[in-house]
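Student: need a 3D model of the following:
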Amino acid sequence: MPDTMLPQIDPLPSATRLRPLWEVQLQRFEARSAQIAVMGLGYVGLPLALALADAGFATTGFDLDPAKLARLTAGESTLRQIPREKIEAAMRSGRFAVSGDLAGLAEADAILICVPTPLGRHREPDLSAVKGAAHQVAAQLRPGQLVVLESTTWPGTTREVVQPILDSSGLVCGHEFFLAYSPEREDPGNPHYDTASIPRVVGGADPHSQRLALALYGAAMRRVVPVSSPQTAEAVKLTENIFRAVNIALVNELKQVYASMGIDVWEVIEAASSKPFGYMPFWPGPGLGGHCIPVDPFYLAWKAKAQGVPTRFVELAGEINTAMPHYVLDGLLRGLDESQGRGLRNSRILVLGVGYKPNLDDVRESPALRLMEMIEQRGGVAAYHDPLVPALPAELPEHPTLAGRRSMLLSDAALEACHAVLIVTDHDAVDYARIARLAPLVVDTRNACARRGVTGRCIIKA
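Tutor: Predicted coordinates:
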């Protein structure tokens, strides 16, 4: 019998064999039988991995930090806002695991990239972590996989940076592998919203990628919001945080204007908030902190400059917010002069709170670090107390003189011995009445004392 007449053995049912890859994966996502890989177990990746595991997906979190992996494997939480019990329950369920072996990416049906996108030395986008992750995925990429970038970045990154790296695998996007962008929307420390309850914006590189990404996120999140392209989804994330940055800059400027008139900006904002339409409150502070709001405007400005388009409004907001530590320092100097007749040189300043937002232990881009440096550059002595940050990181490239410093004990003697307490972050776990009673001067950048009805020897707002 000629070879062409030999019976053919089909290892798969014909219906499955003839179905395109995207349909096969769609069924797996909808049935929650797919395996998911999350690259990066930071404040974005870890909550995401846990949410996917809670939804029924077998999820593996990948990270290159052995210490972090060891803690998670032992059932410990590496993020203050995630209780240990949640990690332990996820591990016991058998649906959550962690690994440092990137060869395991090949086993996943979907790979979600959640790596940092910081700024470089000249405030330009630094996509080295995104590119590195994309190369690692490309080395393991197999037919049928969905790859989703979640890291905040400039519009066009998914198509112009990530896709060419994945294309180098030889597989065809939209047919053999699938690509989308879905921006993270985490708000660490917010008790009202978690990963699963925050609507997810999804932009696929093609219709098949879009359907797969919507199916995956739709199985784990309460609501998904489809948009027409990855670059639109990338622009959504930047728009959200630039909106906040611009409005914070506005109230920071109003704070300075109203202070010159003897008007309390916090009282103004509180009263304005009584209007039930056409207004939403934003609150002034000592400067922006965290990974998103101080960084994201620069990503858009950089891309716009490449397009030859100005971003004057965005850049002005950045200038105002960046200058706020100088305004606070001026207020501290005035307070020292008026209350004690002294300048900053040899003055002992206790900075209260170094986390970038209340009740959080994250010090990234915290204005407290810049203020400590400025105090010491003027000849003062800066110490800090933060109940959530017992020690600053051993490596602080932008603030090397502060690396490794430890939080001081907030004793009565320490409060009486300092020349001023500078409230930069108003954690709840602080006795503000005691501070106001014992410290010779309190400079409050957050309206923390007034909001709690605290009065004291000398409290000024800055």
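Student: need the contact list for residue 57.
Tutor: Taking Cβ atoms under 8 Å, 6 or more residues apart in numbering as the criterion, residue 57 is in contact with 32, 34-36, 95, 219-220. In short, each C-beta sits where N, CA and C put it, glycine included.
Student: so which of those residues is the closest to residue 182?
Tutor: residue 220 (11.1 Å; Cβ to Cβ).
Student: in the chain, which segments are predicted with low confidence?
Tutor: Confidence mapping of the chain against pLDDT under 70 gives the ranges 1-18.
Student: for residue 160, grab the count of nearby residues.
Tutor: 12 (other Cβ atoms under 10 Å).
Student: so it, which state does it fall into?
Tutor: Using DSSP: H, G, I helix; E, B strand; the rest coil, the structure places residue 160 in helix.
Student: can you check residue 301 too?
Tutor: helix.
Student: likewise residue 443?
Tutor: Under three-state DSSP, residue 443 falls in the strand class.
Student: the one 10 residues further on too?
Tutor: Classification of residue 453 using three-state DSSP returns coil.
Student: excluding sequence neighbours, find me the nearest residue to residue 220.
Tutor: What sits nearest to residue 220 in space, not counting adjacent residues and going by Cβ to Cβ, 6 or more residues apart in numbering, is residue 55, at 3.8 Å.
Student: now residue 174
Tutor: Nearest to residue 174 is residue 206, by Cβ to Cβ, 6+ apart, at 3.8 Å.
Student: contacts made by the helix or strand encompassing residue 180 with the rest, please.
Tutor: Assessed by DSSP states H and E, residue 180 sits inside strand 178-181. Here strand 178-181 makes contact (Cβ under 8 Å, 6+ apart) with 22, 25, 145-150, 157-158, 162-163, 166, 173, 202-206, 208-210, 212-213, 230-231, 233-234.
Student: what's the helix or strand just after that strand packed up against?
Tutor: Sequence-wise, the next helix or strand downstream of strand 178-181 (DSSP H and E) is strand 200-204. Counting by 3 or more Cβ pairs under 8 Å, 6 or more residues apart in numbering; DSSP states H and E, the packing neighbours recorded for strand 200-204 are strand 178-181, helix 207-220, strand 224-226, helix 230-260.
Student: just the buried residues of the strand holding residue 180, please?
Tutor: Buried residues in strand 178-181, counted by 16 or more other Cβ atoms under 10 Å: 178-181.
Student: repeat that for stretch 103-110.
Tutor: Residues 105, 108-110 are the ones in stretch 103-110 that count as buried (16+ other Cβ under 10 Å).
Student: for the nearest residue to residue 347 once chain neighbours are set aside, give its distance to residue 328.
Tutor: In space, residue 347 comes closest to residue 419 once its chain neighbours are excluded; the distance is 4.3 Å by Cβ to Cβ, 6+ apart. Going from residue 419 to residue 328 by Cβ to Cβ, to the nearest Å gives 16 Å.
Student: ok, now residue 423?
Tutor: 10 Å.
Student: comparing those two, which shows the higher neighbour count?
Tutor: Taking neighbours as other Cβ under 10 Å, residue 423 and residue 328 compare with residue 423 leading, 27 against 22.
Student: unless I'm mixing things up, the more buried one is touching residue 443, no?
Tutor: Yes: contact status for residue 423 versus residue 443: in contact at 6.9 Å, counting by Cβ atoms under 8 Å.
Student: does residue 46 touch residue 80 like I think?
Tutor: No: counting by Cβ under 8 Å, residue 46 does not reach residue 80; the two are 11.7 Å apart.
Student: the protein: strands as residue ranges?
Tutor: 35-39, 58-62, 96-99, 110-113, 146-149, 178-181, 200-204, 224-226, 348-352, 381-385, 420-423, 442-444, 459-461 (DSSP state E).
Student: ok now the second one, how far from the chain's centre?
Tutor: For strand 58-62, the separation from the chain centroid amounts to 20 Å (computed by Cα atoms, centre = their mean, to the nearest Å).
Student: domain-wise, how is this structure divided?
Tutor: Domain segmentation of the chain under automatic domain parsing yields 16-228, 248-461.
Student: ends of the last one, what's the gap?
Tutor: Looking back up the chat, that one is domain 248-461. End-to-end distance of domain 248-461 (Cα to Cα, to the nearest Å): 17 Å.
Student: who are the contact partners of residue 248?
Tutor: Shown in contact with residue 248 (Cβ under 8 Å, 6+ apart): 282-285, 288, 293, 317, 321.
Student: out of the residues you listed, which are buried?
Tutor: Among the contacts of residue 248, those scoring as buried are 282, 284-285, 288, 293, 317, 321 (criterion: 16+ other Cβ under 10 Å).
Student: if anything else comes up later, I'll come back, but that's it for now.
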